[in-house]
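Novice: when you get a sec, could you give me coordinates for this:
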Amino acid sequence: MKKTAIVTGGNSGLGFATAKKFCDNGITTYIIGRSLEKTKDACNKIGKNAFPIILDLNNLDDIPLTIQEIAKKNSIDILVNNAGINMKKELTEVTDEDFESIIKTNIQSVFSISREVVKVMKINGGGSIINISSMASQYGLPKVIAYSASKGAIESMTRAMAVELAPFGIRVNCIAPGFIKTNMSSKALDNDPERKNKVLGRTPMGILGEPSNIADAAFFFASHDASFVTGTILPVDGGNSIGF
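Specialist: Have a look, this model is predicted:
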């Protein structure tokens, strides 16, 4: 039976790689993005199994109807909560509005879309939810206080959701990416050689990861191969979180 997935923030970076992995393996994948042009372009690049959904996840009131519309066409078997935003600022410079903005996008919207998808998965008899956290949840990173708080919350939510939803056949897992080679990270690290050397120096494998590494982990969690796996936080980081 053909599966259906939703990938938030799937029009670039880790989300794009994950959506492509799913589609290449015959999974119908709805890519949620804010930009019409960017999201349609991503679907065209990925191919026939990718479908764009234009939605700003900050508009929480629009989420239930969007999920209902998808559920009318297909079962929803997989949800990848990939969309998120970051902000680099000194702690004392972060305003309440700044903090609230990160929390709303990175936690509240993840909760809201998960809640609506779970309603569908319960009716369908199960599913797999995959959250994306970060190395910022594994150890202290300076100047990303709101982002760190949000990703720590995602990991706690993963465990709580996994326990509550296990009786319904819904598995919930989380991937904690290390330093991955995307346009955004490459630009940041290439402009800061000292930071790049520090990153690579504490990564035992000595390289940056590829978006496909995250996609492979997501595909595993979504597959029957992970049928007895729930509530886990999987660092995909070349050993960075345990590096010395």
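Novice: how about the helices in this structure?
Specialist: 13-24, 36-46, 63-73, 96-103, 109-124, 145-165, 183-190, 193-201, 211-222 (DSSP state H).
Novice: quick check: closest non-adjacent residue to the residue nearest to the spatial centre of the chain.
Specialist: In the chain, the centroid-proximal residue (C-alpha atoms, centre = their mean) is residue 82; its distance is 2.0 Å. Among residues not flanking residue 82 along the chain, residue 15 sits closest, at 4.0 Å (C-beta to C-beta, 6 or more residues apart in numbering). Where you see a C-beta, it was placed from the backbone N, CA and C, and this is true even at glycine.
Novice: isn't the one you found up against residue 31?
Specialist: Yes - here residue 15 reaches residue 31: they are 7.5 Å apart, a contact under C-beta atoms under 8 Å.
Novice: between those two, which one's more packed in?
Specialist: Remark: of residue 15 and residue 31, residue 31 carries more neighbours, 30 against 27, as counted by other C-beta atoms under 10 Å.
Novice: verify the stated contact: the more buried one with residue 17.
Specialist: No - with contacts counted by C-beta under 8 Å, residue 31 stays clear of residue 17, the gap being 11.8 Å.
Novice: what's the overlap in contacts for those two?
Specialist: Taking C-beta atoms under 8 Å, 6 or more residues apart in numbering as the criterion, residue 31 and residue 17 do not both touch any residue.
Novice: residues of the helix or strand bottoming out on mean pLDDT in the chain that come out buried?
Specialist: When each helix and strand of the chain is scored by mean pLDDT, DSSP states H and E, helix 183-190 comes last, with a mean of 78. In terms of neighbour count (16 or more other C-beta atoms under 10 Å), helix 183-190 has its buried residues at 185, 189.
Novice: okay, the angle between it and helix 193-201?
Specialist: Here helix 183-190 runs at an angle of 110 degrees relative to helix 193-201 (axes from the mean of the first three to the mean of the last three C-alpha atoms, to 10 degrees).
Novice: mind saving the C-alpha coords of helix 183-190 as CSV?
Specialist: The C-alpha trace of helix 183-190 is given here as CSV (Å, rounded to 0.1, in the frame of the first residue of the first chain):
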residue,chain,number,x,y,z
ASN,A,183,23.9,26.6,1.8
MET,A,184,23.1,28.4,5.0
SER,A,185,25.7,26.5,7.2
SER,A,186,28.4,26.6,4.5
LYS,A,187,28.0,30.3,4.2
ALA,A,188,28.2,30.9,8.0
LEU,A,189,31.2,28.6,8.5
ASP,A,190,33.2,29.7,5.5
